[in-house]
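Chemist: Pasting the sequence and the predicted coordinates here, then a few questions.
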Amino acid sequence: MAIDFELSPEQRELQEMARRFAKEEMAPKSAECDKKHIWPEDIYRKGWELGLLNMNIPADYGGTGLGELEQCIIIEELAYADGGMAITFGVNCLATQPIIIAGSPEQKERILKPFCSTFNIGAFGLTEPGGGSDVAALKTTARRDGDNYVLDGEKCFITSAPHASLFTIFATVDKSKAHKGITAFVVPRNTPGVTVGKDEDKMGQRASSTGSIILEGVKVPAANRLGQEGEGFKIAMATLDSTRTPVGALATGIAQAALDHAAKYSLQRTSFGKPIGEHQAIAMKLANMVQMVDAARLLTYRAAWMRDQGKISTLESSITKCFSSDIAMEVCNEAIQIFGGYGYMTEYPVEKLLRDAKLTQIYEGANEIQRLVIARELLKRYA
Amino acid sequence: MDVVVCVKHVPDPETKLKVAASGKTYDPDGVKFTIANTYDEATVEEALRMKEEFHFGAVRSVSVGPSRSEEGLRATLAMGVDEATLVETPPGTVLDPMLVSRILAVVIKDMPHDLVMVGKQAQDDEAGEVGSALGEYLQLPSYSFVTGLTPDAASHRLKMRRYLEGGEEVFSGPFPAVISLQKGVKDPRTPTLPNILKARKKPLKKIPLQEVLSKMGNMAGGTTPTSDIASFALPPPRAGAKIIEGQTPDEIAEKLIKALKEEAKVL
């Protein structure tokens, strides 16, 4: 049997655990964190105790050591309760993935072990004020100085930066070399010259934090360089290859929540003498919504499975991220429409879902970039 | 000190049940099952807490049920239980609490058991009989509705607590013993992801029901259920609520009072 859509008992157990954590710990605080823009440290700390924060890091270095499919199953459950909290769990994986991909055994031992052994937040510093998608044009510089590099520049819109103790930073050793000059570094927050900007106020995913990282003459030992000079672009792309699919899972979780709210409401709310779900106008919407959510989940599972099988999944993970985040917007938008006036009120849960969903189209590679990647990969087949 | 905890895999309280074709139980088809009975989960938590606090030997979990019960036992392993045993019943097997107690007694006799702990009742049939019956079949004292316990190895006695209406009772008794537990003070721990993964590698032994029944010998009651279920029915659906409408609060209140007096006849 070559194909099997059944989760294994172990995967179901992981899913059940995540669902329970989401329902009991995250969901009750979701609305308040959204309203007041609270970063719920107690929830993240508890998640760390349970192994939800460093799911990607191998067990040998103190992480949970889950495959991509298991991570996606868990992230979807977490996002079902709160997208902002889910991305905070997810971003720790994004921050440390460059170390897993390109770090030497010595670096993994020295950096990942202490990172996992206590509650630590990480952040991935790629995007800059001048642009995110045009990675090759980044302006942060790294100048070699004996056994050190000196980093100067600014990173912005960095998820978790305000609370992170560890950054992976991408800087160029030679601007003239464009993407071939980009180099990756691990920078502890307490390094002199590192300043972290304020936690930005934002539209959705408000239980997460977002801020800038300013680097002024930051001396980083060469021992903290990941891979060789000029390998940073490759490392960043390989990292995003592995984290795009979990973003699809996150968007799927938000969309599933919107669908569930809308379907339940359409059975409760009556108009013209019957539940609105029995009117074709609403029934058609629900039928479209469930198709989209189902397809997003299947795309997510496929891309994650491919990665776990060691297959190259650039095309499939881009399709997953792009499709799932687009349909999350559409499903949330339709959920609001089904709720009518109530849906637009902040007292009801669906408008928050739309605000949360929006970010999934933007971060970890905007959907326009995903489409470029998809088209490029597609055309390779015909060239 | 070794502990045996008995657990039952039961339907999720939020799942919708249907009556089976036999009319004597629910139809397990399409039912979502919880990881384990809530009282059993609390019992596992108390057993593990004692193990950590008093440096016990092993905590073992036992279940009697169809193959799906393995999931419930895996969950106890993920919480920290050392080994699990499933007495696997073929599909369609009819059991009752007394026969389950006899089956458990046969299996537990072969295990070290200074303490045998059970949840006070299962969430599905709510019979609450296994604790006392198991005490009888194992010929051990049994204590019911316990909320917490402290063993004293030197005197071989247990100090136990039990909540009463508006108070708490502290009492003691000898062990080995069978203790049925009420939900305790502490919430059951959530298994960590690494522990869920490790639980897959812990020993889980499956014994066919027939093998256990063949060892039952001349135990009073024998190998058939003691009681027989005559019928099983779901509660009748609740009648729809009535919404009282009106232009002003006074008018609505007046209509409500009238309805309470004349229709509901509660005033």
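Modeler: Cool, the structure landed.

Chemist: which stretches of chain B have low pLDDT?
Modeler: B:35-36 (pLDDT under 70).

Chemist: where exactly do the strands run in it?
Modeler: Along chain B, counting by DSSP state E, strands occupy B:3-6, B:59-65, B:83-88, B:115-119, B:142-146, B:148-152, B:157-164, B:167-174, B:177-181, B:204-208.

Chemist: possible to save those as JSON lines with distance to chain A and mean neighbour count?
Modeler: Heads up, the C-betas are built off the backbone N, CA and C, glycines and all. Listed next are those as JSON lines, based on distance: least, CB to the nearest CB, whole Å; neighbours: other CB atoms under 10 Å in any protein chain shown:
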{"stretch": "strand B:3-6", "distance to chain A": "19", "mean neighbour count": "27"}
{"stretch": "strand B:59-65", "distance to chain A": "15", "mean neighbour count": "25"}
{"stretch": "strand B:83-88", "distance to chain A": "13", "mean neighbour count": "22"}
{"stretch": "strand B:115-119", "distance to chain A": "18", "mean neighbour count": "27"}
{"stretch": "strand B:142-146", "distance to chain A": "25", "mean neighbour count": "19"}
{"stretch": "strand B:148-152", "distance to chain A": "23", "mean neighbour count": "18"}
{"stretch": "strand B:157-164", "distance to chain A": "23", "mean neighbour count": "16"}
{"stretch": "strand B:167-174", "distance to chain A": "27", "mean neighbour count": "11"}
{"stretch": "strand B:177-181", "distance to chain A": "21", "mean neighbour count": "26"}
{"stretch": "strand B:204-208", "distance to chain A": "11", "mean neighbour count": "15"}
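
Chemist: want to throw the ones you listed into a markdown table with distance to A:L166?
Modeler: Listed next are the strands of chain B as a markdown table, based on distance: least, CB to CB, whole Å:
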| stretch | distance to A:L166 |
| --- | --- |
| strand B:3-6 | 41 |
| strand B:59-65 | 38 |
| strand B:83-88 | 39 |
| strand B:115-119 | 44 |
| strand B:142-146 | 47 |
| strand B:148-152 | 42 |
| strand B:157-164 | 46 |
| strand B:167-174 | 48 |
| strand B:177-181 | 44 |
| strand B:204-208 | 39 |
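
Chemist: domains in the chain, as residue ranges please.
Modeler: Using chain A. A:9-117, A:122-229, A:234-380 (automatic domain parsing).

Chemist: sorry, should have said chain B
Modeler: Taken from automatic domain parsing, chain B resolves into B:3-214, B:239-267.

Chemist: hang on, the earlier thing: could you export the domains of chain A as JSON lines, including mean neighbour count, mean pLDDT and distance to chain B?
Modeler: Compiled in JSON lines, these are given as follows (neighbours: other CB atoms under 10 Å in any protein chain shown; pLDDT from 0 to 100; distance: least, CB to the nearest CB, whole Å):
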{"stretch": "domain A:9-117", "mean neighbour count": "21", "mean pLDDT": "97", "distance to chain B": "3"}
{"stretch": "domain A:122-229", "mean neighbour count": "19", "mean pLDDT": "96", "distance to chain B": "18"}
{"stretch": "domain A:234-380", "mean neighbour count": "20", "mean pLDDT": "96", "distance to chain B": "11"}
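
Chemist: right, and those - which one's nearest B:Y163?
Modeler: Closest approach to B:Y163 among these is made by domain A:9-117 (23.3 Å; CB to CB).

Chemist: May I see the domains of chain B organised as CSV, with distance to B:G221 added?
Modeler: Listed next are those as CSV, based on distance: least, CB to CB, whole Å:
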stretch, distance to B:G221
domain B:3-214, 6
domain B:239-267, 43
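
Chemist: ranking those by burial, who's on top?
Modeler: domain B:3-214 (a mean of 18; mean count of other CB atoms under 10 Å in any protein chain shown).

Chemist: from the chain's centre, how far out does that domain sit?
Modeler: Relative to the centre of its chain, domain B:3-214 is centred 6 Å away, using CA atoms, centre = their mean, to the nearest Å.

Chemist: Now do it: distance from first to last residue.
Modeler: Using CA to CA, to the nearest Å, the end-to-end distance of domain B:3-214 comes to 25 Å.

Chemist: how far away is the residue of chain B found nearest chain A from A:E49?
Modeler: Nearest residue of chain B to chain A (CB to the nearest CB) works out as B:L193 at 3.4 Å. As judged by CB to CB, to the nearest Å, B:L193 and A:E49 stand 10 Å apart.
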